[in-house]
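> Mind folding the following:
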Amino acid sequence: MKIQSLIIAGMMSLIGCMTISTAFADTSPAATALCKDGTSYSGTSKKGACSGHKGIKEWYGSKTADAAPAPADKAAAAPEKAAAPAPAAAPSKPMASSAKAPAAGGGDGKVWVNTDSKVYHCQGSRYYGKTKQGSYMTESEAKAQGNRPDHGKACS
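Model prediction:
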């Protein structure tokens, strides 16, 4: 009876060790790399790896080999990358132009006067024709009406 108990206890401990080893087998970092400044990185993801260390020099490990293409694959992937942004960029341009397009009527020699703040913006500046309330006029007209230049910088 004691021998059977010992055999059963031995088998249970063996099974327990096997489940513990399989449970902890996948706790190693998923991403390891060598940074360009010589430091090493190990973490659960590649996001933010070697930030502040001049970037990544080389990825290590079998789990990350699929995600990091070989130099031969980079040359093949380059044409795909060049072709991919063109379709993605096309839909975003109409959205950006419709949301922040300058108001019609501006042009050479005209400034955009924000009628709420009494500040005028020069052509090519960030807010030229883009504030909620405003109108185009010459810089001299804007000054005559008591408006001031954006950040104190006159256009001409």
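> residues near Ser156, how many?
By other C-beta atoms under 10 Å, 8 other residues sit near Ser156. Placement of C-beta: from N, CA and C, glycine included.
> Phi first, then psi, for the nearest residue to it once chain neighbours are set aside.
The spatial neighbour of Ser156 that comes closest, neighbours along the chain excluded (C-beta to C-beta, 6 or more residues apart in numbering), is Glu139 at 6.0 Å. Here the main-chain torsion angles of Glu139 (degrees, to the nearest 10) amount to phi -60, psi -40.
> shouldn't Glu139 be in contact with Cys155?
Yes: counting by C-beta atoms under 8 Å, Glu139 does reach Cys155; the two are 5.3 Å apart.
> what is in contact with these two at once?
Between them, Glu139 and Cys155 share these contacting residues under C-beta atoms under 8 Å, 6 or more residues apart in numbering: Val111, Tyr120.
> how about Glu58, secondary structure?
With DSSP: H, G, I helix; E, B strand; the rest coil as the basis, Glu58 sits in strand.
> Spatially nearest residue to it (excluding sequence neighbours)?
Nearest non-adjacent residue to Glu58 (C-beta to C-beta, 6+ apart): Leu34, at 4.7 Å.
> Give me the pLDDT for that neighbour.
Looking at Leu34, its pLDDT stands at 86.
> same deal with Gly38?
Per-residue pLDDT puts Gly38 at 85.
> where's it relative to Cys155, distance?
To Cys155, Gly38 is 51 Å away according to C-beta to C-beta, to the nearest Å.
> Same check on Ala49?
46 Å.
> Equivalent analysis for Ala33, please.
50 Å.
> Right, I'll call it a day here.
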